[in-house]
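Chemist: the sequence and its predicted three-dimensional model are supplied below.
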Protein chains: 2
Amino acid sequence: MFMHSPEAPQRAIFDRSGLSDPADRSSLGSEARTLSSIVKGQKQICYSPKSIIFHEGDDSDSIYQLASGMVCLYRFLPNGRRLIARFLVAQDIVGLSFDEECPFTAECVEPTTVYKIARSQVRTLCAHSPALQNEVAMLLKTELTTERNDILPMMHLLAEGRVARLLLILARRGGANCNSGDRIQISMTRGDIADFIGLTTETVCRSFAKLRKAGLISAVSPDKVLIKNLPGLIAIAEGE
Amino acid sequence: MFMHSPEAPQRAIFDRSGLSDPADRSSLGSEARTLSSIVKGQKQICYSPKSIIFHEGDDSDSIYQLASGMVCLYRFLPNGRRLIARFLVAQDIVGLSFDEECPFTAECVEPTTVYKIARSQVRTLCAHSPALQNEVAMLLKTELTTERNDILPMMHLLAEGRVARLLLILARRGGANCNSGDRIQISMTRGDIADFIGLTTETVCRSFAKLRKAGLISAVSPDKVLIKNLPGLIAIAEGE
DNA sequence: CGTCGGTTTGAGAGCCTTCAATTCTCGTGG
DNA sequence: CCACGAGAATTGAAGGCTCTCAAACCGACG
C-alpha cells in the first residue's frame, strides 16, 4: 500500500477512473485541458520558509499547485493545540475541496514555489470541459484515498507506528524507488510532525530513538534518516 | 461547527458549489438528473443486522445509498485490530470514491435498506450530464469536509473528547434540532465505537461514565443518552 | 430459567505528556 | 576560520491516561 506513487502522470489518474465513461475518452479533442496544462501558463510565486500562502478564514478564491518546496496545512483547536492536516509537496494541489472560506492556514516549511489559479477560472473551464471536471473529481478521489490509507490508520497506532508511517509517506513521496538504504529528507520540525500525528515533540523524538535503536533507521542528521530495514519499518507502521 | 446539517437538500449542496459555474446552472434542462432522482427508480434491498453489503476486496461495481438503518465501513489492520472508517446513515452514499476494489467491508449495524446503483450506470450518466458529474464532485467534497472536520481532530483528543465528539456527530445526524435535553440514539456497540475512534471498549465505557458524572449527559440505556449540557459537551469535544 | 453477547467496573502495567535540563545544529558575525 | 547564539532536538523524571486482563452485571431470547 505504501509503494504506489502519488505523483503518477495524469494519464494514470485518468486510467484509474471509476467515474468517467471510457468510451467518451477519445472524443475529448483539442479543447480538453488538464489542470497541469492550465497551470503551465501561470507564473510561479515564490515563498520563503514560514511565510503564509493563505490564512484560515480567508476567502477561498484560488487554488494552488506546488512547483517545489513543502507546505503544511494547519488549524488551531479551541484548546490552543495546532492540528496539521497535511503536508503538501511538489505537484500537490490544494483548494479544490474548499468551500467559501479556507479551512486551513497554508504555511511554507521550506522555500516553496507555487502556481496560483483563480477558482473562477477553474469553475468556468470545468463547466465547458467534462474532461477537466472529471479530472477534478479524480483529484478529490485521490485525496480521499490518501486520507483513508495514510492518515486514518494513524489514530489506531502507538507513537512508534505513527512515526514509522510518516517516514514511509515521506519516503514514498521523496524517492522514486523506496528500498532499504534509501535516504529520507525530513524538512519539517519535530513539532510539526507532532502536530500532524497527534503527539508531542518529545514523544516524536523518543519514537525516532526507538526506531534507531531497533535498527530500522539510522540518523544522518535530525532532518535526514536512512532506511535500514524497510520490511521492519512497514511492519511497525501497520501496528506490529 | 457541529450544528450544520449534512442532510441538507440537494439544492443546498449545489448552492455551496465552488466548482460549477453558476451561470450554467439554468441550462441544465430536463435531462439534468440528480443522483437522488436516479436512485428513486431502483428497488430497495433489505439487510438484517450484521449482514454484509460488500466485502473489502470485492469488485467495486456498484454504489449504494442508504434509505434507512446504519452501516459501518471497516477494514482490518495487519495487527488484527479492526478500523472502522465511517458510519453511514440514511441518505449517505458510499462507493463514489472507490477504485476497482472496495477498500472496506460494509456491515449493517441495524436493519438497513439500501438503493443499489451500478457504477457503470453512474459513469454513463455522468459522461452525458455535467450537472450529475458536478454533483458527484460535490459529494466527494462533502466527504472530504466531513473527514476534515469530524474525524481528523479525533487523533488530537483524549478519550473523553473523542467520545464527546462522536456523540455530537450522532446528535447532529439523528435529531434536526440539537439542544440540551435532546436524546441521542447510539445504535452501534461500545466495541464499534472503540474501533472507530481508536480506543478500547473499556476506555469508551469509562469515558461515557466520566461524561455522565460530569453532568454533561445522562444515560437512559446503554444505547440512548440525553444531552444535559450541550456547550459543555462541545467544549470537551474540542479539547477543553 | 439459563445462556450469550454486550456493558460496566477494578487493578496493575505500559505508554504518553508535562516540565525541566542538556545537547545539538546551523547561520551569523567577528 | 572560529566563536557565538537562537532555535531545534534530545534526554530524564514524575504523573496522568490508556490498555490489558479479569470479574461482575445486565438484558434479550430461547
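Modeler: Sure thing, it's come through. Please read all numbers here as calculations on a predicted model, not as lab measurements.

Chemist: hey, let's count contacts and neighbours off CA atoms from now on
Modeler: OK.

Chemist: any idea how far the closest residue to residue A:43 other than its chain neighbours lies from DNA strand C?
Modeler: Using C-alpha to C-alpha, 6 or more residues apart in numbering or on different chains and skipping the chain neighbours, the partner closest in space to residue A:43 is residue A:115 (6.3 Å). Using C-alpha to the nearest atom of the strand, to the nearest Å, residue A:115 is found at 26 Å from DNA strand C.

Chemist: got it, and residue A:118?
Modeler: 34 Å.

Chemist: over to residue A:94?
Modeler: 28 Å.

Chemist: let's see the pLDDT reported for that residue.
Modeler: Listed pLDDT for residue A:94 reads 98.

Chemist: now swap in the one 3 residues further on and tell me
Modeler: The score at residue A:97 is 97. That number is its pLDDT.

Chemist: the residue nearest to residue A:104 when sequence neighbours are not counted: neighbouring residues, count only.
Modeler: What sits nearest to residue A:104 in space, not counting adjacent residues and going by C-alpha to C-alpha, 6+ apart, is residue A:56, at 4.3 Å. Using other C-alpha atoms under 10 Å in any protein chain shown, residue A:56 has 16 other residues around it.

Chemist: and for residue A:190?
Modeler: Around residue A:190 there are 20 residues (other C-alpha under 10 Å).

Chemist: what's the burial count for the residue nearest to it when sequence neighbours are not counted?
Modeler: In this structure, residue A:190 finds its nearest non-sequential neighbour in residue A:201, 5.5 Å apart by C-alpha to C-alpha, 6+ apart. Using other C-alpha under 10 Å, residue A:201 has 16 neighbouring residues.

Chemist: how about residue A:201, what does it touch?
Modeler: A:190, A:191, A:193, A:194 (C-alpha atoms under 8 Å, 6 or more residues apart in numbering or on different chains).

Chemist: which helices and strands does the host helix or strand of the last one pack with?
Modeler: Using DSSP states H and E, the element containing residue A:194 is helix A:190-197. Secondary structure elements in contact with helix A:190-197, counted by 3 or more C-alpha pairs under 8 Å, 6 or more residues apart in numbering or on different chains; DSSP states H and E, are strand A:82-89, helix A:201-213.

Chemist: report the inter-axis angle for it versus helix A:201-213.
Modeler: Going by axes from the mean of the first three to the mean of the last three C-alpha atoms, to 10 degrees, helix A:190-197 is angled at 100 degrees with respect to helix A:201-213.

Chemist: and helix A:190-197, anywhere near DNA strand D?
Modeler: Yes - if you take C-alpha under 7 Å from any atom of the strand as the test, helix A:190-197 does meet DNA strand D, through A:190, A:191.

Chemist: put the alpha carbons of that helix into PDB.
Modeler: Taking C-alpha atoms only, helix A:190-197 is exported to PDB below (Å, rounded to 0.1, in the frame of the first residue of the first chain):
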ATOM      1  CA  ARG A 190       9.700  17.500  15.200                       C
ATOM      2  CA  GLY A 191       7.000  19.900  16.500                       C
ATOM      3  CA  ASP A 192       5.300  19.900  13.000                       C
ATOM      4  CA  ILE A 193       5.400  16.100  13.000                       C
ATOM      5  CA  ALA A 194       3.900  16.000  16.500                       C
ATOM      6  CA  ASP A 195       1.000  18.300  15.400                       C
ATOM      7  CA  PHE A 196       0.400  16.100  12.400                       C
ATOM      8  CA  ILE A 197       0.300  12.700  14.100                       C
END
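
Chemist: quick check: the gap between the residue nearest the centre of chain A and residue B:211.
Modeler: Nearest to the mean C-alpha position of chain A, counting by C-alpha atoms, centre = their mean, stands residue A:88 at 4.0 Å. Relative to residue B:211, residue A:88 is positioned 38 Å away (C-alpha to C-alpha, to the nearest Å).

Chemist: one more: residue A:184?
Modeler: 43 Å.

Chemist: comparing these two, which residue is more hemmed in?
Modeler: residue A:184 (24 against 21).
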